[in-house]
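1. Kindly return the folded structure for what I paste below:
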Amino acid sequence: MTDAYSPISELNLLKEFSDGPGDSYFSDGFEFYEYGRPDAGLVEWLSLERREEEARSHLDRLTPFAQATASGSFYALWHCDDRADLATLPVVRFGDEGHLDIIDGLRNMFRLLAIDDEWFSPWDEEREADPDEEHSPGHEAYVVWLEETFGLTPPTDAEADEILGSGGKKYGTRFVDWLEEFASEGDDFDPLRKVFADS
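-> Below you'll find the predicted structure:
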C-alpha cells in the first residue's frame with residue numbers, strides 16, 4: 001500500500017511541490033485531479049455518453065490527472081504502448097472547444113507550465129493584452145523548483161513552439177487515428193488530422 005499520488009515519480013514530485021508550503025497555484029489554469037479519476041471529461045469530449053463500457057478498453061489507455069484551463073480543458077497521459085517509463089508517455093491536452101495539444105513527455109509539459117499561461121501564450125503578449133496581468137502566486141517558486149529538481153528552465157517562445165510542434169508531429173496523426181477507432185459515429189477528426197499533418 002502506498003500513499004503516492006501516482007506510479008510516476010516525476011508527477012509525484014510535482015504534486016508534492018503543489019501540496020507544499022507555498023501557494024498551490026503556480027501555473028495559470030493548472031490544478032491536479034485525483035490521478036486517473038473516472039474519465040474526467042473524456043466521455044463528454046469523445047461523445048461517448050451511454051457507450052462508456054463499449055469503449056472501456058480504449059478509455060483505460062487514457063489517464064486524466066489535471067485541469068488545464070478554468071474553462072474545462074484537461075491533461076491526460078496516453079498509454080500508446082507498454083513502455084516501462086510512464087513519464088515519457090505523451091501528454092494530451094483535451095481542449096474544451098475540441099482542440100488537442102500533444103506534448104512529448106511530462107518534463108516537456110513541466111517546462112510549458114513555467115510559461116504561466118493556460119494557452120502557453122508568450123508572457124510579453126499577455127502583458128501587452130493586459131498590463132495588469134501578474135504571474136500566478138507560486139510561479140517564481142515553481143521556476144526555482146523546476147531547475148533545482150530537473151535542471152529545466154522556462155522555454156523561450158521558439159522552444160515552446162518546438163515542444164508543441166514536435167509532440168504533435170510525433171504522436172498527433174497516430175493519436176487521432178486511434179481516437180477514431182472508438183469515437184462516436186459522425187465525429188469528424190479530419191480537421192485535427194490536418195492540424196497534426198501540417199505541424
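
2. and residue 192, how many residues sit next to it?
-> Around residue 192 there are 20 other residues, counting by other Cβ atoms under 10 Å. No exception for glycine: its C-beta is placed from N, CA and C like everyone else's.

3. what helices or strands is the host helix or strand of it leaning on?
-> Per DSSP states H and E, residue 192 falls inside helix 190-197. Contact here means 3 or more Cβ pairs under 8 Å, 6 or more residues apart in numbering; DSSP states H and E; on that basis helix 190-197 packs against strand 100-104, helix 157-182.

4. Which one, of the ones you listed, ends up nearest to residue 57?
-> Closest to residue 57 of the helices and strands packed on helix 190-197, according to Cβ to Cβ: helix 157-182, at 8.3 Å.

5. Check which helices and strands that closest one is in contact with.
-> Counting by 3+ Cβ pairs under 8 Å, 6+ apart, helix 157-182 packs on helix 56-59, strand 90-94, strand 100-104, helix 106-113, helix 190-197.

6. most packed of the ones you listed?
-> With neighbours taken as mean count of other Cβ atoms under 10 Å, the helices and strands packed on helix 157-182 reach their highest mean count in strand 90-94, at a mean of 24.

7. Please export the C-alpha coordinates of that strand as CSV.
-> Listed in CSV are the C-alpha atoms of strand 90-94, where the atom choice follows Å, rounded to 0.1, in the frame of the first residue of the first chain:
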residue,chain,number,x,y,z
PRO,A,90,2.7,11.6,-24.5
VAL,A,91,0.6,14.1,-22.5
VAL,A,92,-2.6,15.1,-24.3
ARG,A,93,-4.3,18.3,-23.5
PHE,A,94,-8.0,18.0,-24.4
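
8. strands paired with it, and their directions?
-> For strand 90-94, sheet partners with direction are given as strand 74-78 (antiparallel), strand 100-104 (antiparallel), following DSSP bridges.

9. gap between the last one and the chain center?
-> Between the centre of strand 100-104 and the centre of its chain there are 7 Å (Cα atoms, centre = their mean, to the nearest Å).
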